[in-house]
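A.B. asks: Coordinates for the following, if possible.
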Amino acid sequence: MEKTINIGGKEVTFKFTLAAFYIFKNQFGYDAMVKIVPAIGDIMAGLNAYTLLEAFDEKKSDDNAAFAAVINNFGAILQETFNFEIVDFLNLIWAFAKAYDNKLPAPMQWYSEFDDFPIIDVMMEFAPCLYESLGSKKKWTTTQTTKTMKTGKKEEK
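C.D. replies: The predicted model follows:
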């Protein structure tokens, strides 16, 4: 998946593939998931399930509005997330941009090319793509197995 975001008047394209994680580890010396997974855990622990359910219930007909309602409360959730530094976000953003454009300069040089880099706005567009790229595309189904009383054999329904 690719996503282009306008950052400070420049169009930046990100490529959400596993290659970005290799780029990240090669550049920064640690696995990005070491930061991502605990951050997701902290965020999930900070979520108020009732607030989320109310937000989605109020906006059943409009999923985008429900998502916006959740995002509006996201700042409070992020205050509880302490294991992610701003540089970790920047490193992640750079690695996915580098996955799209292998000629991208080193992170410090690349970031110095921007007069304006609204990190929160960028993350609001970047994070859903990252989340989607980490998720499964497979549609899971279940089969029910029951035991019959007479034969003791299993049947699938």
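A.B. asks: And the helices in the protein?
C.D. replies: Using DSSP state H, the helices of the chain run over residues 19-28, 33-46, 49-58, 63-72, 74-78, 86-100, 107-112, 119-134.
A.B. asks: If you count neighbours, what's buried in the longest one?
C.D. replies: In other words, helix 119-134. Neighbour counts over helix 119-134 (16 or more other C-beta atoms under 10 Å) mark 122-123, 126, 129-130, 133 as buried. C-beta coordinates here come from the backbone N, C-alpha and C atoms, glycine included.
A.B. asks: between that helix and helix 19-28, how many degrees?
C.D. replies: 120 degrees (axes from the mean of the first three to the mean of the last three C-alpha atoms, to 10 degrees).
A.B. asks: helices and strands around helix 119-134, which ones?
C.D. replies: In terms of contacts (3 or more C-beta pairs under 8 Å, 6 or more residues apart in numbering; DSSP states H and E), helix 119-134 is packed against strand 2-7, helix 86-100.
A.B. asks: now the angle from it to strand 2-7?
C.D. replies: Compare the direction of helix 119-134 with that of strand 2-7 by the same axes, to 10 degrees and you get 180 degrees.
A.B. asks: pLDDT weak spots in the chain?
C.D. replies: Across the chain, the ranges flagged by pLDDT under 70 are 38-84, 136-157.
A.B. asks: Spatially, which residue comes closest to Glu25, not counting chain neighbours?
C.D. replies: I think there's a mix-up here, since residue 25 is Lys and not Glu. Closest residue in space to Lys25, ignoring its immediate chain neighbours: Asp31 at 5.5 Å, by C-beta to C-beta, 6 or more residues apart in numbering.
A.B. asks: The one you found touches Tyr22, doesn't it?
C.D. replies: No - taking contacts as C-beta atoms under 8 Å, Asp31 lies outside contact range of Tyr22: 9.8 Å.
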